[in-house]
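Engineer: Need a 3D model of the sequence below.
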Amino acid sequence: MRRYFMGIDGGGSKTGGTLADSAGVIRATCQAGPSSIVGAPSPESCAVLRSVMNRLCEAADIRPKEIARVGIGLSGIDFPDEIPMQHSALARELSIPPARLILVNDGIAALWGATRAPAAVILQHGTGFTAAFRRAHGDERLFDHLDAGHCYDLRAEALALVARMIDGRADVTPLKAGILSCLGLTSDDRYAEVVYRRQMTPAQRDRLLPAIFDLAERGDPAAVLLIGCAADDYLCTIRTMIRKTGCQAPHVVFGGGRILPAPESFWRRLSQAVHRDWPGATVKRPD
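Structural biologist: Residues are numbered from 1 along each chain as shown. Take a look at the predicted model:
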């Protein structure tokens, strides 16, 4: 009999789902809002996950009980002492027999979505920071998944640097005018208040990264410095994970909304730095 397998990737900004059959044919896909959790699954997260399951089954014209396995990679699956409770709660709320539910942190789903290569590492920086690696299939491991070591946040560092330009701790460059323009400010009088109270709209935040990359491409020294710091920090994380794979030719994957929009010069910088130490590595975007 043909069997069906469902995969769901739930994060802080969106949730994606796919239903495939045992022949490897994708039968349905869908997207929904955020479903990340903190501790026990919230009713809101469960509602999003339930909706994704139902939509996939309806699109494929199958019943939920026909699904052989449901794999959920969910932001918030972080602590070993919470996972049994989270697994039990999600199985109950989603009406999935516990033995059919595989529950992991979404960083593991990201690694599988990045590449099929047995030895691989991924660093993603989007809504949050994600890093994972494996020596071989089935050996997937998270790396600083709580971001206790703080991945370099290009937007946050740019906002802080502009604040220093305003108060005199840093030399003023075109970065100041560029960031003020992104925030819709015609003067710097309210800058600190807007940043501290997070009064930026999503559209204004989305304009920050392209502005920083563009200014760096045009030689703005402050933007160039920020880009260099980001690249160095990403490479530090990647090099550490590559060593943990024990492989000389792994797939090295960079992703996420704060890295993918970077200009080709940034990607060349990352690739060249990795290839200096691991000439056989493949540096790429997620599959």
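Engineer: Please count neighbours and contacts with C-alpha atoms only from this point.
Structural biologist: OK.
Engineer: the helices in the stretch 151-287 of the chain, which residues?
Structural biologist: Using DSSP state H, counting those that start in this stretch, the helices found in the stretch 151-287 of the chain span residues 154-167, 174-182, 191-196, 202-217, 221-245, 264-277.
Engineer: Could you list the alpha-carbon positions for the first one in CSV?
Structural biologist: Backbone C-alpha positions of helix 154-167 (Å, rounded to 0.1, in the frame of the first residue of the first chain) are rendered in CSV as follows:
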residue,chain,number,x,y,z
LEU,A,154,24.1,43.3,11.0
ARG,A,155,20.9,45.4,11.4
ALA,A,156,21.3,45.8,15.2
GLU,A,157,25.0,46.7,14.9
ALA,A,158,24.3,49.2,12.1
LEU,A,159,21.6,50.9,14.3
ALA,A,160,24.0,51.0,17.2
LEU,A,161,26.8,52.5,15.1
VAL,A,162,24.5,55.2,13.8
ALA,A,163,23.6,56.1,17.4
ARG,A,164,27.3,56.5,18.1
MET,A,165,27.6,58.8,15.0
ILE,A,166,24.8,60.9,16.3
ASP,A,167,26.3,61.3,19.8
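Engineer: what is the mean pLDDT for it?
Structural biologist: The average pLDDT within helix 154-167 is 97.
Engineer: Ok, the longest one next?
Structural biologist: The average of the pLDDT scores along helix 221-245 is 97.
Engineer: would you turn the helices of the stretch 151-287 of the chain into CSV with distance to residue 119?
Structural biologist: Rendered in CSV, the data for the helices of the stretch 151-287 of the chain read as follows (distance: least, CA to CA, whole Å):
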stretch, distance to residue 119
helix 154-167, 28
helix 174-182, 40
helix 191-196, 41
helix 202-217, 31
helix 221-245, 6
helix 264-277, 15
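Engineer: can you put these in CSV and add mean neighbour count and distance to residue 112?
Structural biologist: Shown next, in CSV, are the helices of the stretch 151-287 of the chain (neighbours: other CA atoms under 10 Å; distance: least, CA to CA, whole Å):
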stretch, mean neighbour count, distance to residue 112
helix 154-167, 17, 26
helix 174-182, 19, 35
helix 191-196, 14, 36
helix 202-217, 17, 27
helix 221-245, 18, 15
helix 264-277, 15, 21
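Engineer: wait, which of those is closest to residue 57?
Structural biologist: With CA to CA, the closest approach to residue 57 among the helices of the stretch 151-287 of the chain belongs to helix 202-217: 32.8 Å.
Engineer: Go through the helices of the stretch 151-287 of the chain and name the closest to residue 6.
Structural biologist: helix 221-245 (28.4 Å).
Engineer: re the thing from before, residue 19: which of the helices of the stretch 151-287 of the chain is closest?
Structural biologist: helix 221-245 (30.4 Å).
Engineer: Which strands and helices lie in contact with that closest one?
Structural biologist: strand 120-125, strand 129-134, helix 154-167, helix 202-217, helix 264-277 (3 or more CA pairs under 8 Å, 6 or more residues apart in numbering; DSSP states H and E).
Engineer: That helix to strand 120-125, inter-axis angle?
Structural biologist: 150 degrees (axes from the mean of the first three to the mean of the last three CA atoms, to 10 degrees).
Engineer: ok and helix 221-245 relative to strand 129-134, angle-wise?
Structural biologist: Using the same axes, to 10 degrees: helix 221-245 against strand 129-134 is 30 degrees.
Engineer: what ranges do the helices span in the stretch 1-150 of the chain?
Structural biologist: 43-60, 83-93, 106-114.
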